[in-house]
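A.B. asks: I would like to see how this sequence folds:
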Amino acid sequence: MNNITARLSVMMFLQFFIWGGWFVTLGTYLAGTLSANGGQIAMAFSTQSWGAIIAPFIIGMIADRFFNAERILGVLHLVGAVLLYMMYQAADFTTFYPYVLGYMIAYMPTLALVNSVSFGQMQDPSKEFGKIRVWGTVGWIVAGLVISYVFSWDARDAIAQGALRNTFMLCAIASLLLGLFSFTLPATPPKGKGQAASLGEALGTDALSLLKNRNFLVFFASSVLICIPLAFYYQNANPFLTEIGVENATGKMTLGQVSEVLFMLALPIFLNKFGIKKTLVLGMLAWVIRYVLFAYGNADEGVVLLLMGIALHGLCYDFFFVSGQIYTDSKAGPNIKSAAQGLITLATYGVGMLVGFWVAGQITDAYIVADGHNWENVWMFPAGFAAVVLVLFLVFFKSEKVSTDD
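C.D. replies: Numbering: from 1, shown residues only. Next up, the predicted model:
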């Protein structure tokens, strides 16, 4: 591993350590510590989507035109460190919500920025990006293991004592470190610097020109739609496992990130051997299978089905979302690469997840029963929805070869 690769790997590790260190247990924290109701919890999760919707404009206005991507990354994470500390100190949901909203507005643009910094140092992203991005997954895993097995902040007694509040302090420290570290990263100057910019270019909306390409339009629409079933996993998986009696649910869920590491390493092989369409199709098919496994699994003899469903997370995420980032980079011109990454962030974590969190809440509430939820019916909805998206993608997306040349 050369020096640049090592630095980019540290960047990715901290980027996703921060996110995994508080977001997975957010619902549990809000309900158990701040006594938030279901509507308030949905509001908190939706801040991710609002941040992602705003992100392309921040990236388009700044990263592609005026300042180096690594410098913007550093500033945003320093701001994020302050906001995470304020979340740590918040005593109730009313105080907490403005900080989590502000934090997500600052954090979500950094997902596109770390990609831009990485792609800017690569000759062949389809072969090189996975080896860097995998360290983000490792960071997410380490965060979960530290919370569950080192500090036991998610144990039932610890939750009652408010120990989950410490996750925000942990992540504030990590955000401070990444903010400072970002200024040491390889320079990633704006590709469009010094060029006359229209209003559309300044706002980053020129990346919308990519939608004129039929294949990219189909991919973009599929990205939005597949995030509806994705939201079910983020919002419901941990409460589902806990409710049906699976012990150490948070720790077991890190199996999904372990599989993500393995599939991340396999992604370049699949992309180069089978092409972008088959890779994306396999990712969507995994969503269908995973939710069927959740529907029919249980905490006793069916726990193996649940573990298999969790383990499919790597295939679900890497083969659709990471390969989608590579595909987006290959379709964007040199002046709009950052804006294009911001656009796909908007499609997935923004519009798709915003709708998805709302739908997941409606479906979950519709199947409340005396002793909890009818989880079989809850999980069959995203399974069926993902199957429909898969069929539409198969019909309308034409096979093509990914090229990473500017």
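A.B. asks: helices of the stretch 301-406 of the chain, start to end?
C.D. replies: For the stretch 301-406 of the chain, applying DSSP state H, counting those that start in this stretch gives helices covering 303-311, 313-317, 323-331, 337-345, 353-366, 375-396.
A.B. asks: next one: N166 from I159, what distance?
C.D. replies: N166 sits 11 Å away from I159, going by CB to CB, to the nearest Å. C-beta: built from backbone N, CA, C; applies to glycine.
A.B. asks: who has more neighbours, these two?
C.D. replies: Neighbour count, other CB atoms under 10 Å: between N166 and I159, I159 has more, with 19 against 15.
A.B. asks: distance from the chain centre to stretch 307-322, please.
C.D. replies: On the basis of CA atoms, centre = their mean, to the nearest Å, stretch 307-322 sits 12 Å off its chain's mean C-alpha point.
A.B. asks: could you work out the end-to-end span of it for me?
C.D. replies: End-to-end distance for stretch 307-322: 23 Å, by CA to CA, to the nearest Å.
A.B. asks: surely F181 meets S9?
C.D. replies: No - using CB atoms under 8 Å, F181 is not in contact with S9, being 11.7 Å away.
A.B. asks: compare the two and say which one has the larger neighbour count.
C.D. replies: Between F181 and S9, counted using other CB under 10 Å, the more crowded position is S9 (20 against 17).
A.B. asks: in what helix or strand does the more buried one lie?
C.D. replies: Element membership for S9 (DSSP states H and E) is helix 3-20.
A.B. asks: list the buried residues in that helix.
C.D. replies: Buried residues in helix 3-20, counted by 16 or more other CB atoms under 10 Å: 5, 7-20.
A.B. asks: for the helices of the stretch 301-406 of the chain, which one ends up most surrounded?
C.D. replies: Mean neighbour count (mean count of other CB atoms under 10 Å) peaks for helix 337-345 among the helices of the stretch 301-406 of the chain, with a mean of 30.
A.B. asks: just the CA trace of it, in CSV.
C.D. replies: Output of helix 337-345 as CSV, limited to C-alpha atoms (Å, rounded to 0.1, in the frame of the first residue of the first chain):
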residue,chain,number,x,y,z
LYS,A,337,-17.6,14.9,-11.5
SER,A,338,-18.2,16.2,-7.9
ALA,A,339,-21.6,17.5,-8.8
ALA,A,340,-22.5,14.1,-10.4
GLN,A,341,-21.5,12.3,-7.2
GLY,A,342,-23.7,14.7,-5.3
LEU,A,343,-26.5,14.1,-7.7
ILE,A,344,-26.4,10.3,-7.1
THR,A,345,-26.2,11.0,-3.4
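A.B. asks: other SSEs contacting that helix?
C.D. replies: Applying 3 or more CB pairs under 8 Å, 6 or more residues apart in numbering; DSSP states H and E, we find helix 337-345 packed against helix 38-58, helix 93-119, helix 214-243, helix 323-331.
A.B. asks: chain center to that helix: distance?
C.D. replies: Relative to the mean C-alpha coordinate of its chain, helix 337-345 is positioned 14 Å out (CA atoms, centre = their mean).
A.B. asks: ok, stretch 377-396 next?
C.D. replies: 20 Å.
A.B. asks: ok, stretch 328-337 next?
C.D. replies: The chain centre lies 21 Å from the centre of stretch 328-337; the measure is CA atoms, centre = their mean.
A.B. asks: show the end-to-end separation of it, please.
C.D. replies: Using CA to CA, the end-to-end distance of stretch 328-337 comes to 8 Å.
A.B. asks: what's the answer for stretch 148-163, then?
C.D. replies: Stretch 148-163 has an end-to-end distance of 11 Å (criterion: CA to CA).
A.B. asks: and stretch 286-306, by the same measure?
C.D. replies: Taking CA to CA, stretch 286-306 runs 14 Å from one end to the other.
A.B. asks: before we move on, the earlier item: for the buried residues of helix 3-20, which one is nearest E301?
C.D. replies: G20 (30.3 Å; CB to CB).
A.B. asks: low pLDDT regions in this protein?
C.D. replies: Applying pLDDT under 70 to the chain flags residues 1, 56, 58-61, 63-64, 191-206, 402-406.
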